[in-house]
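# how would this look folded up:
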Amino acid sequence: MNMEFNRDLDVKGLNCPLPILRTKKALAEMETGQILRVVATDPGAMKDFPAFAKQTGNELLAQSEENRVFEFFLKRK
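You can find the predicted model right below:
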């Protein structure tokens with residue numbers, strides 16, 4: 001997916017809850033309105049990331065899957 005982002009986070013090979021924990025840490029270091037791109041391989045990520053966004057108030061702009069690799073774009077609240 002082609003979307004501009006401010007920071008890239010690769011959590012491939014990590015399983016729950018590590019992708020979410022790393023994402024939370026990365027977002028905490030970013031400024032409001034900035035976009036974080038996360039690439040993960042944990043199948044649970046497809047439901048974890050929307051739930052995480054809802055809980056934290058950060059906006060999940062897009063999510064996609066290609067060859068079991070999941071890509072998420074989160075906008076820092």
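# ok but Lys24 is inside a strand, no?
No: if the criterion is DSSP: H, G, I helix; E, B strand; the rest coil, then Lys24 is helix and not within a strand.
# Next up, the contacts around it.
Lys24 makes contacts with Phe52, Thr56, as judged by CB atoms under 8 Å, 6 or more residues apart in numbering. All C-beta spots, glycine's among them, are computed from the backbone N, C-alpha and C.
# From Asn67, how far off is it?
Separation of Lys24 from Asn67 (CB to CB, to the nearest Å): 26 Å.
# Tell me where the model's unsure across this structure.
1 (pLDDT under 70).
# So which residues of it form strands?
7-11, 35-40, 59-66, 69-75 (DSSP state E).
# helices or strands next to the shortest one in the packing?
Using 3 or more CB pairs under 8 Å, 6 or more residues apart in numbering; DSSP states H and E as the contact definition, the elements that strand 7-11 packs against are helix 18-28, strand 35-40.
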